Structure formats: C-alpha cells, structure tokens
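Q: Curious how this folds, go ahead:
(one chain, ligands or ions: 1)
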Amino acid sequence: MGPSDTSLPTLSVPKSRKSIASIPSPKTPNAPRSGLRAPSSASTVSSNGAVPPMPKAGQLRKAVSINSFPKPPKGDNRFGSMPSSPLAGGDKARSTRKPKSARDSVASSNTPTPTPSLLNGSAEGKFISSVRMSDGVISVSSPPHSRSSSAQGSYSTSATTYEDSADASGSASEKRASTGEIKGNVIVSVRVRPDATNDNHADGEWMVDGRRSLIGYKGKEGGDYYYDNVFTTHDNNARVYDHMAKRLVRRVMEGYHGTVFAYGQTGTGKTFSMQGTASSPGVIPLAITDIFSYIRETPSREFLLRVSYLEIYNEKIHDLLSMASAGGAAAPQEEIKLREDSKRGVYATPLKEEIVQSPTQLLRVIARGDQARRTASTQFNARSSRSHAVVQIIVESRERMPANPGAGAGDKRSAIVPGGVRVSTLSLIDLAGSEKAAESKERRQEGAHINKSLLTLGTVIAKLSEWKDKGGDKDGKHLPYRDSKLTRLLQGALSGNSLVSILCTAALGVTGTAATSANHTIETLNTLKFASRAKNSIVSHAKRAEEALGAGGDGAARVLLERYRMEIQELKKELETQATKKNDEEIKELIEHDRAQTAQMAERHEEQVLEMQLARTALKERIDHLNRLILSSKSAGVNSNGTMSALARYSQISLVPGSARSSVAISIRSPLERTASVASNSTIGRRSSYGAKRMSSGEAAEIIDAEEDSVGENGDGMASLTAQNRALQADLADKNRYISTLEKRLLQARRASSSRTSSGFSEKDAEIADLRARLDDKDRMLAALRSAARSRDNADAMTEPRSPQSQDGMRSAHPWSPTIKESKRRTKSIDEMNNMLEEMIQDRVDNGQIIRGARGSVRLAPSHRLGSLGEPPSELPPLRRVPTPIGERSAPVEAAS
Ligand SMILES: Nc1ncnc2c1ncn2[C@@H]1O[C@H](COP(=O)(O)OP(=O)(O)OP(=O)(O)O)[C@@H](O)[C@H]1O
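A: Numbering: from 1, shown residues only. So this is what the prediction gives:
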C-alpha cells in the first residue's frame, strides 16, 4: 500500500505522557485558530528591533570555504557539566540558570498538578507575558554569543553548561566515560527560525525562552516545552553547533558512534542549520573543522577518515557520491540495500566511500553530494529537500606507533605492537521536511514517502518510550524499524548504540490563510511533541567502539587503517625481499664473473701445464736418450777424431731445455704478473728459437749422425738399430713439437717487438741517410785530395835534380824551353786544383762542416763527425806550399793526404 499523500502524519502520543497527550492536536485544518497570527510581511526582528535578513533560497548552497570557518576553540574548558546527557562530560548540576533538565521539565509540565503552563494559564513565572511573538519582539533572548567569544574560556548558555571531560578529570562522568560506556538521554534542541513574514503572528501565543530552554504555547492545547537547548531567532549556526553537536563530535573522535539529525517541518531551517551558508557555516562544516582540529591536537594517535553520502528518496537509497553532479548524465547505479551485521549494525551497501585528508577535501566531497541531492520548490521552500540526506564520516584511529621502537626500552608501550584500530561513525542527517499540501503529483508522491518515513520515525520513538517503561526491548523486535528505510538506517542510533543529538526546527509564524496558519501551528506542536518524546525515549548506552586487532575478523578487514598497515608491512617485506634478491643477484653475478675468470685462468694454466709437461716429457726423454748416448759415446771414445764430442754438443744443447724449463716455470705465474710473464715468454721465445735454430740448422742432424755413429759403434747390443731408430724418430717428433711451440712463441714475440721497434726504424733510417750523404761528401773530398796529392807528387818529381842521363837526354833533345813549358802547364793545373780545393774547403768552412785551424789545418766540426762509420783523421795535415814560378804563385793551397 502506498503511503498516504494527503495528510501530514500525526505523531502518536504515548498515553503515559499526560501532558504531551493533553496537548490537543487540531483534528482538522479548519480547527479554531490557535492564536497564531498570519505571518506579516515585516521581517523578524531581533531584540533591538532589527530584523535579521532572511537568506534567499539560492544562498543556501553556496560553496563554503573552509577558510571562512571560525577556528575551533583551543581550550575546551568552557563547557559546564550536563548531567543525564551522554554527551555531557561532567556530573555537576546544570547551570543555575537552567533550572531543570529537559526531562524534568517535560515531566513537570506533564504533572496534573498546577504545572505552570500556558494551558492552564498559571504560568507563574514560567511564561513571560511580555513576550510578544506577534510583533517579533522576544523579550527573553540570550545575548548572541559570537563563536570567537565562546572560544575564550567557559561560557554558559540559556540551555546547558558543558564541561569538557578532558578538563573535568576525576569527575564522576569522566570515571564513567573511562569505563567506555556513556548512559543518558539524547540531546534534544529546538531552533526557532526567524519568520519570513510577520503579519500573521498569534499575538503572545508563543513564548521562546532561550535562557531556560523553554518554548511555551498559550493557545489551545498549549503548554511549556523544555529541552536541552532552545535556540531563538538570534542564535547563529555556530552557537547551535557548539551546544548541540560539538561535544558529540569530540566523542566520535574518541571512539563513540554519534548521530546528529535535523527534524522539522518543511522550510523551517533544517538544511540551513546543517549546512549553513558561507558567512554562517552549519553543523556539517563546523563538525569537519573540529574533526581536523582534534586530529591536530592528538599527536598520540593516527587517523583515517572516510566519507559516504546517501539519500533516501521515495524510499530508495541513492549514493550521492556515485551520482553525476547536476547537469551530468546519471550513471546507472546498483541498488543500494541495507544490511545488518553484529559489528557494524545496519549499513547501506554498496556505497562509495572516499578517503579524505583535509577539511577542504571533505567539504568538497560533501558539496558534490549536495549537488546531486534532490531538491524542488515547494509552497514553503524555494529549494526544498525532497530526500533524507545522510553524511557518514567514518573515523578510524589507532595509537601511533613509536617512531623508534628501540628507544625507551623501559617504556612498555614502545615494545607494544601497534594497537587496535577504533572505528566510529559520525552520521549527520538532514531529514526532508514534513509537508501537508503539495500541488504537483510528483511533490505529493515525494511528500507521501517523506511523511511515511517521518511517521515511522515518530512511531519508533513513541514505542521506544513505551518499551522503556516496560523494561526495554533489547532486540527491538517490537519496534517497527523496518517500516521505513530511514528508521532502519537509524536503528542503531535510536536503540541507544550511539550518541544522539536531535535538532528540531520550527517556524512560529507563517504566511497564508488562517487554515494554513492553523495547520502550521499543529505541525509546530507536532514537532515539539516529537522532540519531547525523543528526549524521553531514546536512552543512550553508547559504548566506545572496540578496537579491531590484528588481521583476523570481519571488523579488522573493514578497517582501512589496519588494512593499510598490513599492506605497508607487506610492501616493506616485498621491498626487503627485492633488495635481498638484488643483492643475491649481484653476488651471483660477481661469483659468475669470478668463476669465468677462474675458468679462464685455469684454462690458461692448463695450457701452460700441458705445454710444460710436453716440454718436460720431451726433454726427459731426450735426456734419457742422450744419457744412453753419452754412455755409449764414452765407451766408444768418439772424441778421438778431434771433432767436438757429442757430450760437449749435447751438454750445449742441454742448456736449452734447462733454460726452457725455467722459462716455462716463469710463464705460469699469476695473472697479476702477466706483463712480466709476457716478457719472460719473449725471452723464452728468443732463447728457445736460439736453441731451436741451433738444433734445426743441421746440428741436430749432425747429432743424430753422431748418435747413429755412436750407436753403431756401440756394438755391445744395448739397443737394436730399429729401436734406436724408433727412439730417434720419437725424439724427432718431440723436438718438432717443441720447435713448433717455440716458433709460435717466437712469432708472438716478434709481433710484439716489431710493434715496439717500428717507430725506432724510421729515425734510424733518417740517420743512416744523413750519414751516407756525409760519407759521399767525404769520399768526394778524399778523391779530390788524393788526386791533388798525386799531382803534387808528380810536380815534386819534376823539380828533383835529374839524373845525368836524363839531364843529358833532355838537354840533348831540348834545351830548357820545352821542360819549362811543361812545368808551367803542370804548375797551372796544380794551381787550378788547389783553387778548386780551396773553394770546396771554404765552402765547407762556410757551412760549418769544417773548422780551419790556426796554422791553416782543417778539421771536421764536432757535429759532423761520422762516428762509428769511420771518421777520417780529425786533423788533416796542412797543405804544403807548392813551388810555383815567380810571379805566378798564388795563395797557399791546403792539401790533405
Ligand atoms: N535560522 C535562520 N535564519 C535565517 N534564515 C533561515 C533560518 N532558518 C531557515 N532560514 C531560511 O529559510 C529557508 C528555508 O530553510 P531550509 O531550506 O533550511 O529549510 P528546510 O527545513 O531544510 O526545508 P525542507 O525541509 O523543505 O528542505 C532558507 O532560505 C533559509 O535560508
């Protein structure tokens, strides 16, 4: 059966609550006027007559900047005690300014005895007659407390004085709180919003006493209603939050579940109180500020915050964080259902939860959800919420791990493994407003669902009150929680598992007809009755959330903080494993490298050993063989023919193996000495090649011949010729192998040395060419000198006295004339020669190749000496003066021998 869409549900009133029951609800909309005046067009006025401006509809959902929020108070000692409230920290009597608790006040107002009530007109001091709601003047109003002033020390309000548990150490409530359970009633507050218009107020029918937390109605079925807090039209959002939610938020941070919800007729200021505006932030943004302040002020714990945001619209749950924001296409959503579990209680699933790290981030998430929330214009509200909206902030917290587990060995805590995680939930609920008349079908349908769920909520609270009188209904079997999604979701809170603060909003003046006004009054009275019943019915026995320990259990698995811790541990382990693995790999690589090197070395070593063995075997065999030969040589006396004895030769050869052996020994040195070893090898190469050369150059054959001869001579039958031959062949093969090895080495050594000497050759070539040139010069000079000497000798011979024979002969043949002529010719040719030589010598002197001595001698300049090529005598003898005919003599000529 569909919900009724025609009438606003009237809350059932428990019989036992006389005074509440005695407040008559108007049966019909046409009931006699309760005295409420139709709201006038004038604005609501403040105590000084000023009318607080009504925010326009559009103002409501302005983006709220966290910077515009007031800073949370530092000291929390401003709160007084509030007995009987689960949110009260102290056990002291309430402020003297607050005469009674709400409960008492309701009770007292319910007593049939002359209870000061408007109903019976005996309002002895309870009702302040001077209050005139009609003109908006509220004579009893708490002075508006600014948040900043409230931040300074303690202050008391008209409703309650709180005292923070932290500062009331040792108090009874603190002791109780330490047990982890807080018992008491919920906090119920009523907020009266300023009238939009002021032309239809029932003159003097309503009395609002914020100081005494009292609302009185003097109309028909009127009465006095006391609550924990009554906020007048002058109280701002900050004050409302401070008094009805601040402590609860703190408790949530300490590990208790907490629920704050706003209940009231449409357009009475629920959303305004919960969300607020940019200039006057409401409960939600202020709670967020306090949550983060608490985290900042609690360095001993670490926190993780998750947030979800859902709405119940037409009895269906929608995830506001998964929905597309205004304008975007809505993604198809999985149906969200309510489930119950022993640890979590009733919860919606699947629901998106976002982890938030800053107030701004949290506000942004909520603002996104707000955008998706369904609102519509109604008769009483331009932007009416058409759904119940539930913001859930899940707080996970855990004792912070000591930074250095090793430090403070004496401190037990430092040795403790991280403590369990506490999970608590703060539910901030903005209910849709009850609504009687709706114009469109859609609005009517929405209204019907809203009204039905609110009716169920009223019924549950009424029944709670009944069962409380009967001794309780622990299982809640008799309570119709399941009749609506709202009550099902609120089951935990309503059954006392969480701390609850209810804000009921009301508007005392309304525009419209008398009927509308009457209806409005009825609704207002219903709201007040609901608040009274809630105050009396819901008894909280909220326990601090258990700490989920370790990895086991469903609770622990749900706890993100624990999951993250485990994940971090796992990742750390993985990191360590990877690091170890890497180290292992590096070590393996090194080992492999070493192994490869060792293998290489071993291979080389093996080669060398093999080589050495080969050489040794060959040499050994050879020595044996030679020994045999030596013996036979000795016996045969082969030295008699005067040639080099075989022994001598072999001993000469035997030097070679000896040197080879030693060199092989050198070649197996460690790789560190490789350079030296290479040098040694080259030496070996030279030596070996020398040996090999010597052996291969025919001497070996000679030796073999000698051997054969020796063997032949050794006719004593020591070895047969064939055996000798075989031995020699084997020996030859050995030698060949040995020679080839030595040749290889020689080749290597040559290659190495050729690269070293190639550069030196070019220099030497140039030097040789130079020397050759000089030598040529010298030769030419020598030739010239020789020919000059010859000419001189001839000349000398001619000047010597002739033999008588020759003189005679000359004289007889020719007298002086022909001889003189020839002499002259010769002298001339000598002079020419001398001149030529002189020129040549002068030329050399000029070039600096020759130095002329003091006595006319010449010698080569030191830089032009030929050195090893065979220099001419350093000093040439001075040229002898050649006798020339008088008058033809020229300069003396040097001559060299
Ligand atoms: N205490 C207040 N001071 C000033 N303006 C207020 C106050 N309370 C409500 N208003 C204004 O009244 C109008 C309606 O308020 P609001 O939307 O909060 O009502 P509501 O109870 O949430 O209505 P609904 O149930 O239809 O969503 C808004 O324009 C809001 O700004």
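Q: Test my guess that Leu614 contacts Asn736.
A: No - using Cβ atoms under 8 Å, Leu614 is not in contact with Asn736; the gap is 11.7 Å. Just so you know, the C-beta spots here come from the backbone N, C-alpha and C atoms, and that holds for glycine as well.
Q: in the stretch 301-450 of the chain, what spans have low per-residue confidence?
A: Within the stretch 301-450 of the chain, the ranges that satisfy pLDDT under 70 run 324-332, 376, 378-383, 401-419, 435-439.
Q: Setting the sequence-adjacent residues aside, check what's closest to whichever residue of it sits closest to the ligand.
A: Residue of the stretch 301-450 of the chain nearest the ligand, by Cβ to the nearest ligand atom: Gly433 (2.5 Å). Among residues not flanking Gly433 along the chain, Thr266 sits closest, at 3.1 Å (Cβ to Cβ, 6 or more residues apart in numbering).
Q: So what does that neighbour look like in phi/psi?
A: Main-chain dihedrals, Thr266, degrees, to the nearest 10: phi -60, psi 140.
Q: Model confidence for it, exactly?
A: At Thr266, the model reports a pLDDT of 86.
Q: For Arg386, see how far away it is.
A: Distance of Thr266 to Arg386, given as Cβ to Cβ, to the nearest Å: 10 Å.
Q: try Ala518
A: 25 Å.
Q: hmm, back to that, what residues are shared contacts of Thr266 and Arg386?
A: Listed contacts common to Thr266 and Arg386 are Ala432; contacts here mean Cβ atoms under 8 Å, 6 or more residues apart in numbering.
Q: Would you agree Glu335 falls within a helix?
A: No - Glu335 sits outside any helix when classified using DSSP: H, G, I helix; E, B strand; the rest coil, being coil.
Q: and it, how many neighbours?
A: Around Glu335 there are 8 other residues, counting by other Cβ atoms under 10 Å.
Q: What of the one 5 residues further on?
A: Residues lying near Glu340 (other Cβ under 10 Å) number 11.
Q: Pull the contacting residues for it.
A: By Cβ under 8 Å, 6+ apart, the residues touching Glu340 are 346-347.
Q: For it, identify the helix or strand it belongs to.
A: strand 337-341 (DSSP states H and E).
Q: Toward the C-terminus from that strand, list the very next helix or strand.
A: Toward the C-terminus from strand 337-341 - assigned by DSSP H and E - lies strand 345-349.
Q: Name every strand pairing with the following helix or strand past that following strand and say which way it goes.
A: Following the chain from strand 345-349 toward its C-terminal end, the next helix or strand by DSSP H and E is strand 354-356. Its sheet considered, strand 354-356 pairs with strand 301-313 (antiparallel) by DSSP bridges.
Q: Between strand 345-349 and the strand it pairs with, find me the angle.
A: On the basis of axes from the mean of the first three to the mean of the last three Cα atoms, to 10 degrees, strand 301-313 is oriented at 70 degrees to strand 345-349.
Q: CA atoms only: put strand 301-313 into CSV for me.
A: The C-alpha trace of strand 301-313 is given here as CSV (Å, rounded to 0.1, in the frame of the first residue of the first chain):
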residue,chain,number,x,y,z
ARG,A,301,47.0,8.7,17.6
GLU,A,302,46.8,8.4,13.9
PHE,A,303,43.6,8.7,12.0
LEU,A,304,42.0,7.8,8.7
LEU,A,305,38.8,9.4,7.6
ARG,A,306,36.3,8.0,5.1
VAL,A,307,33.1,9.7,4.0
SER,A,308,30.0,8.5,2.3
TYR,A,309,26.9,10.4,1.4
LEU,A,310,23.5,8.8,0.6
GLU,A,311,19.9,10.0,0.2
ILE,A,312,16.7,8.2,0.8
TYR,A,313,14.4,9.4,-1.9
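Q: Next, see if it gets close to the ligand.
A: No - using Cβ under 6 Å from any ligand atom, strand 301-313 stays clear of the ligand, coming no nearer than 12.0 Å.
Q: in the stretch 551-700 of the chain, which ranges drop under the pLDDT threshold?
A: Residues of the stretch 551-700 of the chain that meet the cut-off, pLDDT under 70, sit at 551-563, 625-700.
Q: Contact residues of it facing the ligand?
A: Looking at the ligand, no residue of the stretch 551-700 of the chain is close enough under Cβ under 6 Å from any ligand atom.
Q: Write out the residues of the stretch 351-500 of the chain neighbouring the ligand.
A: Counting by Cβ under 6 Å from any ligand atom, the stretch 351-500 of the chain sits next to the ligand at 381, 384-385, 432-433.
Q: In strands only, show me these.
A: Counting by DSSP state E, these place 384-385 in strands.
Q: which of the residues of the stretch 351-500 of the chain next to the ligand sit farthest apart?
A: The span of those, defined through Cβ to Cβ, is set by Asn381 and Ala432 at 10.4 Å.
Q: So the two - more neighbours on which side?
A: Ala432 (28 against 21).
Q: Nearest residue to that one in space, please, no chain neighbours.
A: Ile450 (4.3 Å).
Q: Asn236 - how many residues pack around it?
A: 19.
Q: buried stuff in the host helix or strand of Lys529?
A: If you go by DSSP H and E, Lys529 is part of helix 514-537. Buried residues in helix 514-537, counted by 16 or more other Cβ atoms under 10 Å: 516-537.
Q: and whatever residue of the stretch 451-600 of the chain ends up closest to the ligand, what is it in contact with?
A: The ligand sits closest to Thr505 of the stretch 451-600 of the chain, with a gap of 5.6 Å, by Cβ to the nearest ligand atom. Residues near Thr505 by Cβ under 8 Å, 6+ apart: 190-193, 262-265, 268-270, 273, 527.
Q: For the stretch 151-300 of the chain, which residue gets nearest to the ligand?
A: Gly269 (2.5 Å).
Q: State the pLDDT value of that residue.
A: 91.
Q: hang on, isn't it packed against Cys504?
A: No - counting by Cβ under 8 Å, Cys504 is not a contact partner of Gly269; they are 10.3 Å apart.
Q: Now do the shared contacts for these two.
A: By Cβ under 8 Å, 6+ apart, the residues touching both Gly269 and Cys504 are Arg191.
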